[in-house]
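Participant: Model the following, please.
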Amino acid sequence: MKLLVFLMINIYSILSVILIHENIFYYNNFKKQHVEEFNINLYDKENKLIELEKNKIYIFDFWTTSCSACIEKFPDFSRLCKKYSDNKKIEFYTVNVKLNKNEGNKSLKYILNKNYCFNNLFLKSKDEAERIDVNGYPTVLIIKNNKIIYNGYPSFNKIVFFNNLSNLIEEQIIN
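Facilitator: The predicted structure is shown next:
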């Protein structure tokens, strides 16, 4: 019994160190500061152009229908959205980027039918995404006063993703 407890404590310690290391690694290596103007055209599901308000913080999760890692993160992104749902100065959106004209809508229909906290927006082409340095998927942008203040992806680990993105949002609320 003592051996089992000893092994469990050691395994827990090792996993904790790994998680902390991964948290620090992803936060430091994927955090990119930008001061670029956010100047792309985003559309809602009715194909209406979206206007961003200057006094809000926007968190955009860029994704494609062919990216399974993007789709797997939606429940975590929704949980983060719910955490800040009382703060009317923060808005969460996923942004679907169409990579080619023949891209199917199967994944997109699946996402739109889910009851997530966030809304989905659309880019007409990947060229617009590339103009703001979104070259891989998933990519998260944090926009404040129409400036890109974060461009990256905080982690593929669910716990690290939630904590790092939450920390980045808290930094913007304070500033």
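
Participant: For the rest of this, base every contact and every neighbour count on C-alpha atoms.
Facilitator: Will do.

Participant: Low-confidence ranges, the protein, go.
Facilitator: 10, 12-35, 101-108, 110, 154-162 (pLDDT under 70).

Participant: now the helices for this protein?
Facilitator: For the chain, helices defined by DSSP state H occupy the ranges 2-30, 68-72, 74-83, 106-112, 126-131, 158-174.

Participant: number of nearby residues for Cys81?
Facilitator: 21 (other CA atoms under 10 Å).

Participant: Apologies, that question was intended for Tyr153.
Facilitator: Quick note: Tyr153 (other CA under 10 Å) scores 22 neighbours.

Participant: Report the separation between it and Ser68.
Facilitator: Computed as CA to CA, to the nearest Å, the Tyr153 to Ser68 distance reads 15 Å.

Participant: Could you do Glu91 as well?
Facilitator: In terms of CA to CA, Glu91 sits 24 Å off from Ser68.

Participant: quick one: which of these two has more around it?
Facilitator: Neighbour tally, Glu91 and Ser68, criterion other CA under 10 Å: the higher count belongs to Glu91, 19 against 13.

Participant: So the more buried one sits against Ile57, correct?
Facilitator: Yes - Glu91 lies in contact with Ile57 (CA atoms under 8 Å); the separation is 6.4 Å.

Participant: and stretch 79-98, how far apart are its ends?
Facilitator: 25 Å.

Participant: Identify the residues contacting it?
Facilitator: Applying CA atoms under 8 Å, 6 or more residues apart in numbering, the contact partners of stretch 79-98 are 42, 55-65, 117-126, 129, 162, 166.
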